[in-house]
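Visitor: need coordinates for the following:
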Amino acid sequence: MSIKENLDKLRKEIPPHVKVVAVSKTKPPEDIMEAYNAGHRVFGENKAQELISKQPGLPGDIQWHFIGHLQRNKVKYLAPFVRLIESVDSLRLLRAINKEASKNGRIIDCLLQFHIAEEESKFGLDLEECRILLKSEDYQQFGNVNLRGVMAMATFTDDEKQLHREFATLKRYFDALKKEFFTDKADFTEVSMGMTNDYRIAVEEGSTMVRIGTAIFGERNYC
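Guide: The predicted structure is shown next:
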């Protein structure tokens, strides 16, 4: 199937209120343009250098999401154009984003990344660390970041009960933060969870944003 056909299939399957982030890592600009010409505008990359090299040659109305572990020294390269940084896992990173957003006269939308998987290799906050971040004086003074919700990666497993449990955990964290810190913030709405292998379960558990690569572009090229 073509990239357009894959996107059409996903649109029929995924509820309209759930945003699809087309994960284009390792894919050439030609593939991104095929998805773009099929009407898709939201793309995700997980390596800063790859995104920085691709962005200038692609249409300016693409909404770029950064979805990987972000080093603070790379923020300055993304700050002029990135639409959403989904992987904020520390106060120090949020501080760097706020600083570089200010330099560019922008307010950058961000998601707080949580660790819900049983794999130690995954990054992310726990709920208590997040509460400390949100109560900190530093965070209270940030004027150039806008927290829109939460994000996490589940364990890579075929165990559906485990996936349901992990995704339900993230939704519970979102609900707790909404009630405790963001009751009056109308745009704190996003629960970004679910990828090609588990997005159906994520949607069942309350995902508002799924990050789909292989089901759109086919297997990745790592050579």
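Visitor: how far away from the center of its chain is stretch 30-41?
Guide: Put simply, stretch 30-41 sits 19 Å off its chain's centre (C-alpha atoms, centre = their mean, to the nearest Å).
Visitor: hmm, I typed the wrong one, I wanted stretch 94-106.
Guide: The answer for stretch 94-106 is 18 Å, by C-alpha atoms, centre = their mean.
Visitor: try stretch 99-109
Guide: A distance of 18 Å separates the centroid of the chain from that of stretch 99-109, by C-alpha atoms, centre = their mean.
Visitor: make 54 the starting number, not 1.
Guide: Right, with 54 as the first residue, what we last looked at is stretch 152-162.
Visitor: can you list the residues that contact that stretch?
Guide: 128-129, 131-133, 135-138, 150, 196-201 (C-beta atoms under 8 Å, 6 or more residues apart in numbering). Where C-beta positions appear, they are placed from N, C-alpha and C, glycine not excepted.
Visitor: try it again with 10 Å
Guide: 118-119, 125, 127-139, 141, 147, 150-151, 163, 195-202, 240, 243 (C-beta atoms under 10 Å, 6 or more residues apart in numbering).
Visitor: now, of those, which are buried?
Guide: Using 16 or more other C-beta atoms under 10 Å as the burial test, the contacts of stretch 152-162 include 118-119, 127-128, 131-132, 134-135, 137-139, 141, 147, 150-151, 163, 195, 197-202, 243 as buried.
Visitor: which members of those residues occur in helices, if any?
Guide: Of the positions in the buried ones among the contacts of stretch 152-162, 128, 131, 147, 150, 151 sit in helices, assigned by DSSP state H.
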